[in-house]
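Enquirer: got a sequence here, can you build the structure:
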Amino acid sequence: MAPKLDGYFKQVDKLSETFIDRLRKAVAIPSISADDDRRQDVVKMSEFLVSELTSLGAHVESRPLGPQPGKRDLDLPPVIVARHGSSPDKRTILLYGHYDVQPALKDDGWATEPFALSIDDKGRMYGRGSTDDKGPVLGWLNAIHAHREARIELPVNLLMCFEGMEEYGSEGLDDFIEKEAKPGGFFADADAVCISDNYWLGTEKPCLTYGLRGCNYYSVAISGPGQDLHSGVFGGSAQEPMTDLMRVLGSLVDTNGKIKIPGINEMVAPLSEEEKSIYGGISYTIDNLHESIGSTTGIYEDKENTLMARWRYPSLSVHGIEGAFSAGGAKTVIPAKVIGKFSIRTVPDMESGKVDECVFKHVKEVFAALTSKNTLDVQLMHAGNWWVASPKHWNYTAAAKAVEAVFHTKPDLTREGGSIPVTLTFEKATGKNCLLLPMGSSTDAAHSINEKLDRRNYIEGTKLLGSYLHYVAAEELGG
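Expert: Sure, this is the predicted structure:
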């Protein structure tokens, strides 16, 4: 039986300006985790959440994580954990979000002050953190608030985990989650996990995300001369590291995105007919791709291959070169050492260690074939694994019904090309299904200038989060 949600929906609408004011207060706190000088603002944001959650009747704890690695005089911001309800007769859902944000300055090109919420006549709410991830985090608080004001009991127990270092690599969080997921820990009785820290594929149709690619990031350093050289004096008489690096990097991937490293593509899980059938019904067009990339330089001419290339197949991207001349004008230098950076987005069933072996073997063989007198060093800089969940699990089927209740359409089932490492951490630590339930849309410009969250997405998204809890309570076991 579908839950009766009219009272909750009406209360969300009634409180909408209160919820927008809550977001305005949060955006005003410049909680930039990457800026040491803003650490007190990150802590201030954690205190704001503690105050708001406490006022809503939750049991809240601010958990210290100790000194930041490599910075003994600087403490990591606390993890905020909270519980609302503890009935043994209810399911318990663990929620995750983050309260830190990316750096932002008006001089970067913002049309408005980045830390002052600005709302235009189309309901676009501009401000750093509005969509990533303060809006979604506050959506959960709004849902609790609306239930309380409507005098509707929450149908599940809620556990919450809000961190302040996501934009700087979530330092200290993995160990914290693993500890708290063990018997007796704060997260021990979770039945499922829900994360709202991603986005719709487009602007009109909601989605549920059940997969993420991983990321292995590499550096290739080639060095020769003892110092930078003048090309007019030494060009043609000294072997040049940049020339070698270009040949190595050029051997990794072709113009159409095919990875040329032997053994990489052979690891990829085969495409099943069931999975293939999902892509045809997804609301997406090639025009959407062209709009997103700002040109018509997409590799494929059809939706299905484009989406599979983004989500379920690996990709290799070259990101930059350290040590080379990159300023405007002309400089005739031969750099003594250059470091190329590239990454491979990994997918099922690619094992990170085997990917590393293939990369190292290929790079060393290509360099050896150059018979260069320069020296090579290839390193893995960091790695994060891919993640795929079952969209047939009750956690997903409940969320799908909630989408239909609020937006009157079935959600797209999507994967994403990027990585949210904490998803896999929660899944492994708790052993429970994880759902990515986005609030924002594809045009929100997270991490960029003029980041925004549409008023519709924020208010209707609050309805969605609350509805999801009701459908979770009613959903039969499955998946």
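Enquirer: and the residue nearest the centre of the chain, how far from residue 209?
Expert: The centre of the chain sits closest to residue 420, judged by C-alpha atoms, centre = their mean, with a distance of 4.1 Å. From residue 420 across to residue 209, the span is 9 Å (C-beta to C-beta, to the nearest Å). Where you see a C-beta, it was placed from the backbone N, CA and C, and this is true even at glycine.
Enquirer: between these two, which contacts overlap?
Expert: 198, 436 (C-beta atoms under 8 Å, 6 or more residues apart in numbering).
Enquirer: residue ranges of the strands in the stretch 251-400 of the chain, please?
Expert: Assigned strands in the stretch 251-400 of the chain, in chain order: 315-322, 333-334, 337-346, 375-384, 387-388 (criterion: DSSP state E, counting those that start in this stretch).
Enquirer: shaky segments in the stretch 51-200 of the chain?
Expert: Within the stretch 51-200 of the chain, no stretch has pLDDT under 70.
Enquirer: returning to what we had before: and the residue nearest to the centre of the chain, how far is that from residue 161?
Expert: 14 Å.
Enquirer: what sits up against stretch 300-317?
Expert: Against stretch 300-317 from outside (C-beta under 8 Å, 6+ apart): 211, 213, 252-253, 257, 259, 261, 264-265, 268, 271, 275-276, 279-280, 282, 284-286, 289, 298-299, 342-348, 350, 414-417.
Enquirer: quick one: which helix or strand includes residue 3?
Expert: Per DSSP states H and E, residue 3 falls between elements, in no helix or strand.
Enquirer: please identify which helix or strand holds the closest residue to it other than its chain neighbours.
Expert: Leaving out its chain neighbours, the residue that sits closest to residue 3 by C-beta to C-beta, 6 or more residues apart in numbering is residue 470, at 3.7 Å. Assessed by DSSP H and E, residue 470 sits inside helix 455-474.
Enquirer: kindly report the same for residue 225.
Expert: Going by DSSP H and E, residue 225 is not in any helix or strand.
Enquirer: restricted to helices, list the contacts of stretch 300-317.
Expert: 275, 276, 279, 280, 286, 289 (DSSP state H).
Enquirer: which ones are touching the last one?
Expert: Same thing as residue 289. 298, 306 are the contacts of residue 289 under C-beta under 8 Å, 6+ apart.
Enquirer: repeat for the one 10 residues further on
Expert: For residue 299, the set of contacting residues under the criterion of C-beta under 8 Å, 6+ apart consists of 256, 257, 306, 309.
Enquirer: repeat that for residue 120.
Expert: Applying C-beta under 8 Å, 6+ apart to residue 120 gives the contacts residue 126.
Enquirer: shouldn't residue 82 be within a strand?
Expert: Yes - under DSSP: H, G, I helix; E, B strand; the rest coil, residue 82 falls within a strand.
Enquirer: so what's it bridging to?
Expert: Residue 82 forms beta bridges with residue 60, residue 160, as assigned by DSSP bridges.
Enquirer: and what of the one 10 residues further on?
Expert: On the basis of DSSP bridges, residue 92 is bridged to residue 157.
Enquirer: what is the neighbour count of it?
Expert: 21 (other C-beta atoms under 10 Å).
Enquirer: pretty sure it sits against residue 159.
Expert: Yes - the pair residue 92 / residue 159 is scored as a contact, 6.2 Å apart, by C-beta atoms under 8 Å.
Enquirer: common neighbours of these two, please.
Expert: Common neighbours of residue 92 and residue 159 (C-beta under 8 Å, 6+ apart) are 189, 190.
Enquirer: before we move on, back to that, of the contacts of residue 299, which is the most crowded?
Expert: residue 306 (19 neighbours).
Enquirer: and stretch 63-72, what's buried?
Expert: 65, 68 (16 or more other C-beta atoms under 10 Å).
Enquirer: residues touching it, excluding its own?
Expert: With contact meaning C-beta under 8 Å, 6+ apart, stretch 63-72 is reached by 36, 73-81, 171-173, 176.
Enquirer: then stretch 324-333?
Expert: Contacts for stretch 324-333 (C-beta under 8 Å, 6+ apart): 228, 229, 230, 231, 232, 242, 335, 338.
Enquirer: now the last one. Nearest residue, chain neighbours left out?
Expert: Think residue 338. Per C-beta to C-beta, 6+ apart, closest to residue 338 is residue 323, 4.4 Å.
Enquirer: isn't the one you found right up against residue 337?
Expert: Yes - the pair residue 323 and residue 337 qualifies as a contact (C-beta under 8 Å) at a distance of 5.3 Å.
Enquirer: okay, those two: which has more neighbours?
Expert: For residue 323 and residue 337, the more surrounded residue by other C-beta under 10 Å is residue 337, and the numbers stand at 21 against 18.
Enquirer: confirm residue 34 sits in a helix?
Expert: No - counting by three-state DSSP, residue 34 falls outside a helix, being coil.
Enquirer: number of nearby residues for the nearest residue to it once chain neighbours are set aside?
Expert: Spatial nearest neighbour of residue 34, chain neighbours left out: residue 168 (5.0 Å); criterion: C-beta to C-beta, 6+ apart. Neighbour count for residue 168, taken as other C-beta under 10 Å: 17.
Enquirer: OK, contacts around residue 168?
Expert: Under the criterion of C-beta under 8 Å, 6+ apart, the neighbours of residue 168 are 33, 34, 100.
Enquirer: you'd agree the second one is up against residue 101?
Expert: Spelled out, it's residue 34. No - with contacts counted by C-beta under 8 Å, residue 34 stays clear of residue 101, the gap being 9.4 Å.
Enquirer: overlap in contacts, these two.
Expert: By C-beta under 8 Å, 6+ apart, the residues touching both residue 34 and residue 101 are residue 167.
Enquirer: quick one on the thing from earlier: and the residue nearest to residue 3, what is it in contact with?
Expert: 3, 5, 8, 155, 402.
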